[in-house]
Structure formats: structure tokens, C-alpha cells
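Undergrad: What follows is a predicted structure for the sequence shown.
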Amino acid sequence: MGSHTGALAVEIRGAAKRYGGSGGFVAVDHVDLAVRAGRVHGLLGPNGAGKTTTLKMLLGLVRPTEGTFSILGEPTGPSVRARVGFLPEQPYFPPLLTAEEVLRLHGRLAGIDSAQIASRGRDLLARVGLEGRGTTRLSKYSRGMLQRVGIAQALIAEPEVVVLDEPASGLDPVGQRDIRNLMLELRDGGVTVLLSSHQLSEVEAVCDEVTILNQGRVSAKGAIDDLLNVAGRTSIRARGASTTLPAEIQALMEDVAVSGSVWVFSVPDTAVRAVVDILDDNGWTIESVVPKRQSLEEYFSHMLETTEGEVA
Ligand code: ADP
């Protein structure tokens, strides 16, 4: 796996999909996407942006209208498909099977011997938080538990590349954290992860790089910090000693959000030192000082404004 370092684990060029033949709906419009081996890459965008269609074309599950797709240096096809794990957006498993049976089935399809399937299966169920639940029928599982089985299923053949379509969907915050940690563990083990999400919070903690899709097109790609950090402003989170902030800070702050005694607001970078001192002198607890990052929604609305501005 180390030999792939620097190489591209996933490469998509000029991917296009028109549903419903010529004159039909263009869901993906000439998308390029590259993921270096051993990275965690986020395919980010609102619902309907074309993420699932792009991933399914990559895996050979949707016929592309145009484009070339390769994984680990090989065009997408049956031989390379065996080295890729996939979590579909809505994983379906026969409800009368148990989680262990699902893993056995997928392991056999991947050509793994039974003893190995059993030991890997046990290990994987523990890693996705289903320890001791392997013999329960899936009809008794919650949505979040099924999502965890889906993730275990994607990993049973020890793939070199893992494609996860909306891995956090159906999971509670603890489940989402478990999956984030699992993705980081995979990366540390040299596995390449490509995940899609419509939520920035899901990708920002794990992705080295993102590709942002909007209405079937790539609207940006790169390191999240470069794309979303707001130049010149810092976000401060402080726990209150009183119900109002000192007046000097009120004069500087923007983007204010209050929850109980916790205040989050942004100030110009140049004022950070002074603001921190004032908070400290007034008995506030400073919980974090980080570069201000815009939300994906803000990012998209700014982009729209910029585009409209250019037209006018
Ligand atoms: P995302 O994963 O970003 O939510 P999708 O790839 O699922 O986006 O969908 C992109 C667009 O293509 C959407 O407008 C969706 O309605 C449309 N679409 C997806 N699948 C089909 C299909 N089988 N037939 C027609 N339109 C589809």
C-alpha cells in the first residue's frame, strides 16, 4: 500500500450523466475528481448536487454518459472493484439475516475463507460499535445500527479504497464520532477514503481535501481551510461570567450566537489579543480561539452573490 503514496487512488475525468436520454436531465456535468492514495477526501454538496451519481459512475453502478473513471490506476471494472469497499446511501440488507450473516455473505462474495471472515467480522462489528449484536436479526436493528452494519460490510474484504456515500446519515452524534474515528484509523492504515456528505461538520474533522459539487458541477476543490476560512476574522467561544459581554467587545463582535452561558462570536484578527484579555479580566472562560470558518450554506450564498455580481 505504501507504494501508492503520491499516486492517485481515484481519478475521475470529465464525468457526465444525463438521466432520461438526450434532452434529459443533466445530473453530473463534466466533473473531475482526484484523490491521492492514503487520503480522506470529501465530496461535499447540497442534496441533489450529483454526489451519489458521481460515486456510482466511479464504481460502475450507473452507466456514465461521458467520462473516464479509474481506481488504483486501473479503469473501473470487475478486477479493481474487488479492492474497493462501498457503503451505498441507503444500504439494504435482508431483514431476516443477522449482521454476522451479512458479513459472511459479503466476505464469501469477495472470496475470503470462512475462518478469516469470522475473525474479521468479529473485529469489524466491534469497531463499528456492534459488539455482541452480531447474532441479532437486522429486522430488530435501528436505522443507525443498520448504517453501522453497512460500514462493516464495506470493510470486510480489507479494501484499499473505501467509498462511503453519506456515512453519517441515520447516526446520532456518538455514532458520527465513531465513524469519523474509524475513517481516521483507516487512513492511518494506508486506506484511501472517499466520502460524500451534505454536511460540512461531517467532513471538516476528517478530510484532508474536499471537492465541492453544486448542481452537477465542481464549484471548488482544495483544502477546507483554504476554501472556507474567512480571511481576517477569528471566532471566539467563551463561557459567560454574566449575561452581557463587556461593551468594548460588543462594539467589535459579529456573527454572535448564544447558547445558555456560552457565547460564540467573531472579531477582527487584530483585536483578538485585546478581546481575550478583556474576557479574562472580567472572569470569562475562553473555550476556543480559532480562525473563523463560514458554513457551507454561507459559502454557497456568497458564491451566488459573487456570480450575480459578475453578471451585473
Ligand atoms: P446527491 O447525491 O448530491 O444528493 P444525486 O446524484 O442523488 O445527488 O442526484 C443528482 C440529481 O439527479 C438529482 O436532481 C436527482 O433527482 C437526479 N437523479 C438521481 N438519480 C436519478 C435517476 N435514476 N433518474 C433521474 N434522475 C435522477
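TA: Perfect, I can see it now. On a predicted model such as this, the values are computed, not experimentally measured, just so you know. Numbering: from 1, shown residues only.

Undergrad: Might you enumerate the residues of the chain proximal to the ligand?
TA: 19, 25, 27, 45, 47-53 (CB under 6 Å from any ligand atom). C-beta here means a position set from N, CA and C on the backbone, and glycine is covered the same way.

Undergrad: if you set the cut-off to 5 Å instead, what comes out?
TA: Within reach of the ligand by CB under 5 Å from any ligand atom, the chain has these residues: 19, 27, 47-53.

Undergrad: For the nearest residue to residue 145 once chain neighbours are set aside, give its distance to residue 98.
TA: Closest residue to residue 145 apart from its sequence neighbours, by CB to CB, 6 or more residues apart in numbering: residue 130 at 6.6 Å. Distance from residue 130 to residue 98, counting by CB to CB, to the nearest Å: 10 Å.

Undergrad: Residue 214 now?
TA: 41 Å.

Undergrad: Same question for residue 70.
TA: In terms of CB to CB, residue 70 sits 36 Å off from residue 98.

Undergrad: Highest neighbour count among the residues of the chain next to the ligand?
TA: Of all the residues of the chain next to the ligand, the highest neighbour tally under other CB atoms under 10 Å goes to residue 51, namely 27 neighbours.

Undergrad: Surely residue 57 is in a helix?
TA: Yes. Under DSSP: H, G, I helix; E, B strand; the rest coil, residue 57 falls within a helix.

Undergrad: Name all residues that make contact with it.
TA: Taking CB atoms under 8 Å, 6 or more residues apart in numbering as the criterion, residue 57 is in contact with 12, 15, 17, 28, 63-64, 67, 69.

Undergrad: Tell me which two of these sit farthest apart.
TA: Of all pairs drawn from the contacts of residue 57, the widest gap by CB to CB lies between 12 and 63 and measures 14.6 Å.

Undergrad: neighbour count winner among these two?
TA: Taking neighbours as other CB under 10 Å, residue 12 and residue 63 compare with residue 12 leading, 26 against 8.

Undergrad: Grab the nearest non-local neighbour of the more buried one.
TA: residue 33 (4.3 Å).
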